[in-house]
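[1] Here's a sequence, model it:
(3 chains)
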Amino acid sequence: MMDTLMNAGVHPRAQCPAPRTHRTRGLLLAALGLTLLLTGLPWVAKAQSSPLSGEALEIRVRQITDQLRCPTCQGISVNDSEASFSVQIKDKVRRMLEEGQNEEQIKSYFVSRYGEWILRAPMKEGLGLVLWVLPFLMIMLVGGWLMLRVYRNQHGSKHAGADAAAAEVAPSAVGLTPEQQERIQRDLKRFEEQD
Amino acid sequence: MAMLTSWKFWAVMLGIVALTGLFAFGFTKDPKLVPSPLVNRPAPAFSITEMNTGQALSSSDLKGKPYILNFWASWCVPCRQEAAHLEAAYQKYERQQGVLRVIGIAIQDAPEAARDFAKRYGKTYFLAVDNKAGDIALNYGLYGVPETFLVDAEGIIRFKNVGATTTEVIERDMLPLIRKK
Amino acid sequence: MIINLGYVFLASALAVSLYGVIVPHLGVRRNNWNLVRSAQFASIVNFFLVLGASTVLLRSFLANDFSVRFVWENSSTDLPIFYKITAFWGGMDGSLLFWELVLAGFTAIVAYTYQRVNREIIPYVLVTLNIIHVFLLSLLVSWSNPLDVQSPVPLEGRGLNPLLQHPGMAIHPPLLYLGYIGFAIPFAFAMASLVRGRLDNAWVISTRRWTLGAWYALAMGLMFGGQWAYEELGWGGYWGWDPVENAAFMPWLTGTAFLHSVILQEKRNMMKVWNMVLIIVTFGLSILGTFIVRSGVLNSVHAFAQSEIGPAFLIFLSCAMLVGFYLMFLRIRLLESRHTADSLLSKESVFLLNNLMLVGIAFTVLLGTAFPLVAEAVRGTKLSIQAPFFNTISAPLGVTLLFLIGISSLVAWRQSSWGFLVRTFRIPVLAGLAGLALGLAGGVRHLGALVIFIGAAFTTTVIVIDMAKAVRVRSSQSGEGWLESALATLMRNRQRWGGALIHLGVVCVFVGLAGNYFKSEFNRTLEPGKPIHIEDYTLLFKGMADEQQGNARLRQAVVELYRGENLVDTLKPARSFYPTQPEPLNEVAIYRTLMEDFYMVVAGENPDGTATVRILINPLVMVIWMGFPLFTVGTFLAIFYRPRRLNQPLFETELEVAR
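    Numbers count the residues shown, from 1 in each chain, chains lettered A, B, ... in the order given. All right, here's what the predicted structure looks like:
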């Protein structure tokens, strides 16, 4: 019912109460901020663990080799691959960890031998930074632009816009009598209050 | 037409052309070839023993004369083709002229299989086998065989060839680099 | 001789397609509808010609005719018949012919069913489709001829890559092609509308079923591909962000965005320019996908060898995009509407956000796939961009989408009141918290997985409550029983409930994906007779066994799997040795339950009789496959919807009846 009414060009609320739109806007900004946060999470550095052995060592080997590409495979990590080079790299990483080297040192060793190509995702500097930041930036920019447009439409030339919109959508929209308007408001109220 | 003055129109058109150009550029490149960060850097150190004589050799011993360091394996098919070329280079440039050395290291190989291969394909220069852990192979950033490095007299890697190293590659790409010095 | 006949068919098809490019245009120019009809008829002729050529190729496979080079390259006498048939599209030339066959079939259907409707634009629909035919057939008769003959005739073929000898070969590529090519139809309608300047919603409404069908085919193709990779490749995952996987994923993403934003166009007359952009881009991405597979520009598990037709595809793709956007800008005045969503809190806004997320992911995927080329052009170095990048960026966008599905059902068109929303939000939010509790109780601690559980519970509850409300209303009105009401409600508003079912399928896929955040991995050396404990499983290695399967020799590790006291399965992961392959392939062994998959691969066999295995416990993978039936039933419902006017023939549009 609400749809039909709306398509007939009737706004359920004659005025838009200011506090509610601020809340709406605030919430949508919070939503965008949450997306920001979730995307930002991987940037938080991993905590270093204490001297390793046994299963803890294996887990660390997996974590590091998950970030190196198998040099002879398509698209999979050293960890996931059983190819000869991958097995050798896994052993080398294990030995380096046992010697006490950390993840940064191990990764930079392999980069010094193979080039940045050996990493499954580019480092977050220089050209690589562009790659990491760009999708995020584009979405924020376009999202912000869209929000602005809708917001302006909502509050800007509201009445003029409403008429034009109504005319586009339902050319046969007829003006409503005050009694009809009142009836609509009552029905809407009843509809909204039911669960 | 108003369209021709619209910046959006030109942005889209240029964007499409740019993407096309990017992919066309891709045609000129081989996606399997990875440039090595080791070129123009000191060659990583190694210590090897000749697989037939047991003679020891380390990279520091090799300083003073350029050398061709070839990585191969008995299970590698293009290595069969390049064996003859490398042997010829060994005969000409090491034994006759003494201007450089030719060294071969087999990776991921059993010593028996490596010896058989060398005998069958006539490789008589200094040959060694990498250890099971593949220390030398990883140290040189190998991702396949055959791969060949040219190291100059100061121990700096000047050139890397991926794939079979033929006489043409040696003469066209490698020799000029050491002659210049 | 019959090969020559096949080639003649192809050449004739090329001529007929050329006819189909020129004549409809002439027909419009000279106001001669008979000319257009002849072109419609020509499309049907074209299909039969291409079908004839395809039959010749198929016959060559089945008859082991190795004089045909393509057959020799992809088949052998000992290949099972099933795989001889699938080898048709297993190699480059044949797959191109398959593309052309499907497109010819679709064109014939379009020519036939839209005979009377859409008179203004149908001629240019045919022109557009026939231009694509001319391109493909030109390649097929020259550089990419699947019926190319060689002599002397070899006695035996080279055989099919063992990785392709899998039932998935019959499903995965054909479905993907159906999807790619399916999007060409709405694209052709869009182009025709632009050419004629007829820019109402006719093209969108006429092609709704095609769009939905193509979307479904791509979705199924992607999911089957994932399942195949999971069972066959042995690295433990089902999606590798491989360039060709990405190439199929991108048009699916923009296609999904398109499916949603055309609803905005139909209901609110908004987004007309954006829909044009989306369909042009979707079609372009379909062609790009085909290009990436054939050109050798990007390394991929799928890529056919580098070939000469790569540049041809690139040029065709560029021209299609340039022409498409040129036409769009030409008509932009007729498309533009100043009008956008009325309120930030409206269904329109949610749809806009949905499009933003989907196109955002597509943009990320394109960026990641093409970026190595950029890096090489700019810096001369090679970069790898693999799963870590794609997963990190797509995850928050995907999760936002999951929540948006639920939110969109709650929000009304044009404007929603905040109070109303808060009231209707209450139960789903509680359900979300229940989902969180469930995850925590199950031992899950990873934030990403927990957020997905919250979103899944929230959205599922919204959808179920929605459905329940509708069923209750109907039941109270008609007095029918619960089940009857439910079915009647579904049938009454198929589009809406079809969509709801598809959304439930999407929720399933997300829940399954969440499993990736808390999977575990073990490497163990198995000694015969010694039990090994992994989580709540016990493994008992019985020893190695040999088995022959077709032309493969399998070296199996026989492992009994116990859960607690019970023997639940005997797993036989193996390495299979093929005569034509130097390296063995991995045969994976999987024990599946709803909660997790026990996934085992042989890493190596040791001389002392022990075997080294890699074990993955992959949670919730079964839940992903549960999406299959939901997508299927949902799409079925949505496609075979009855338009508002009853008793209408299935393929006519509302506009035609109005006329």
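[2] how about the helices of the chain, start to end?
    Answering for chain A, as no chain was given. A:2-7, A:18-40, A:54-65, A:84-99, A:103-114, A:127-155, A:158-169, A:178-193 (DSSP state H).
[3] my question was about chain B
    Assigned by DSSP H, the helices in chain B fall at B:2-5, B:7-27, B:77-89, B:111-120, B:135-139, B:167-169, B:175-179.
[4] To chain C, which of these lies closest?
    Among these, helix B:7-27 comes nearest to chain C, with 3.7 Å by CB to the nearest CB. In short, each C-beta sits where N, CA and C put it, glycine included.
[5] other SSEs contacting the closest one?
    Other elements packing on helix B:7-27 under the criterion 3 or more CB pairs under 8 Å, 6 or more residues apart in numbering or on different chains; DSSP states H and E are helix C:272-295, helix C:309-330, helix C:347-379.
[6] okay, C:Val365: pLDDT?
    If you check C:Val365, the pLDDT there is 96.
[7] ok, which residues in chain B are in contact with chain C?
    B:1, B:3, B:6, B:8-9, B:12-13, B:16-17, B:19-20, B:22-27, B:29, B:31-35, B:75 (CB under 8 Å from any CB of the partner chain).
[8] hmm, which of those residues are the buried ones?
    For these, a burial check counting by 16 or more other CB atoms under 10 Å in any protein chain shown picks out B:9, B:12, B:16, B:19-20, B:22-24, B:26, B:31, B:34, B:75.
[9] Tell me the one of the residues you listed nearest chain A?
    B:Val34 (5.1 Å).
[10] gap between the closest one and C:Pro629?
    As judged by CB to CB, to the nearest Å, B:Val34 and C:Pro629 stand 44 Å apart.
[11] Check C:Val127 too.
    40 Å.
[12] now C:Ile332
    C:Ile332 sits 43 Å away from C:Pro629, going by CB to CB.
[13] who's more crowded, those two?
    C:Ile332 (19 against 12; other CB atoms under 10 Å in any protein chain shown).
[14] What degree of burial does C:Ala638 show, as a neighbour count?
    Neighbour count for C:Ala638, taken as other CB under 10 Å: 24.
[15] Give me the nearest residue to C:Tyr562, chain neighbours excluded.
    The shortest distance from C:Tyr562 to any non-neighbouring residue, by CB to CB, 6 or more residues apart in numbering or on different chains, is to C:Thr538 (4.2 Å).
[16] Tell me which residues are up against the helix or strand containing the one you found.
    Per DSSP states H and E: C:Thr538 is located in strand C:537-549. With contact meaning CB atoms under 8 Å, 6 or more residues apart in numbering or on different chains, strand C:537-549 is reached by C:524, C:526-533, C:553-563, C:572, C:574, C:576, C:598, C:605, C:609-611.
[17] Filter these down to the buried ones.
    Among the contacts of strand C:537-549, those scoring as buried are C:524, C:526, C:532, C:553-559, C:561-562, C:572, C:574, C:576, C:598, C:610-611 (criterion: 16+ other CB under 10 Å).
[18] so who does the spatially most central residue of chain C touch?
    By CA atoms, centre = their mean, chain C has its centre lying nearest to C:Leu218, at 1.9 Å. Listed by CB under 8 Å, 6+ apart, the contact partners of C:Leu218 are C:175-176, C:179-180, C:182, C:248, C:251-252, C:255.
[19] residues touching the closest residue to chain B within the stretch 551-659 of chain C, list them.
    Here the stretch 551-659 of chain C gets closest to chain B at one residue, C:Pro582, 7.5 Å apart by CB to the nearest CB. By CB under 8 Å, 6+ apart, the contact set of C:Pro582 is B:Trp75.
[20] Under a three-state scheme, what state does it occupy?
    coil (DSSP: H, G, I helix; E, B strand; the rest coil).
[21] do the same with C:Phe598
    strand.
[22] That one touches C:Leu561, doesn't it?
    Yes. Contact between C:Phe598 and C:Leu561 holds when scored by CB atoms under 8 Å: they sit 6.6 Å apart.
[23] Which neighbours do the two have in common?
    C:537, C:571, C:591.
[24] Which of those sits closest to chain A?
    Closest to chain A, out of all of the shared contacts of C:Phe598 and C:Leu561 and judged by CB to the nearest CB, is C:Tyr537, at 16.4 Å.
[25] Quick test: name the residue nearest the centre of chain B.
    The residue lying closest to the centre of chain B (CA atoms, centre = their mean) is B:Thr148, at 2.5 Å.
[26] Contact partners for that one?
    The contact partners of B:Thr148, by CB under 8 Å, 6+ apart, come to B:68-71, B:82, B:160-161, B:165, B:169.
[27] Chain B contacts on the stretch 551-659 of chain C?
    Going by CB under 8 Å from any CB, the residues of the stretch 551-659 of chain C near chain B are C:Pro582.
[28] how about the helices of chain B, which one is nearest A:Arg94?
    Closest approach to A:Arg94 among those (CB to CB): helix B:135-139, 12.8 Å.
[29] what does chain B put close to chain A?
    Residues of chain B lying close to chain A (CB under 8 Å from any CB) are B:34-38, B:44, B:108, B:133-135, B:137-144.
[30] So, low pLDDT: which residues of the stretch 201-350 of chain C?
    Judged by pLDDT under 70, the stretch 201-350 of chain C has its weakly predicted residues at C:293-307, C:338.
[31] The same query, at a cut-off of 90, please.
    For the stretch 201-350 of chain C, the stretches with pLDDT under 90 are C:201-206, C:232-234, C:242-245, C:263-271, C:288-314, C:332-348.
[32] And chain A, what are its domain boundaries?
    Recorded structural domains for chain A (assignment: automatic domain parsing) are A:48-121, A:125-195.
[33] what helix or strand is the residue of the stretch 101-250 of chain C found nearest chain A on?
    Of all residues in the stretch 101-250 of chain C, C:Trp235 sits closest to chain A, at 4.0 Å by CB to the nearest CB. Using DSSP H and E, C:Trp235 sits within no helix or strand.
[34] give me phi/psi at it?
    phi -90, psi -10 (degrees, to the nearest 10).
[35] Distance of it relative to C:Ala611?
    Separation of C:Trp235 from C:Ala611 (CB to CB): 18 Å.
[36] ok, now C:Pro154?
    Distance of C:Pro154 to C:Ala611, given as CB to CB: 40 Å.
[37] among the helices and strands of chain A, which has the poorest mean pLDDT?
    In chain A, no helix or strand scores lower on mean pLDDT, DSSP states H and E than helix A:2-7, which sits at a mean of 43.
[38] how about B:Asn139, what does it touch?
    A:113, B:44, B:46.
[39] Check whether C:Ala514 sits in a helix, strand or coil.
    C:Ala514 falls in the helix class when you classify it by three-state DSSP.
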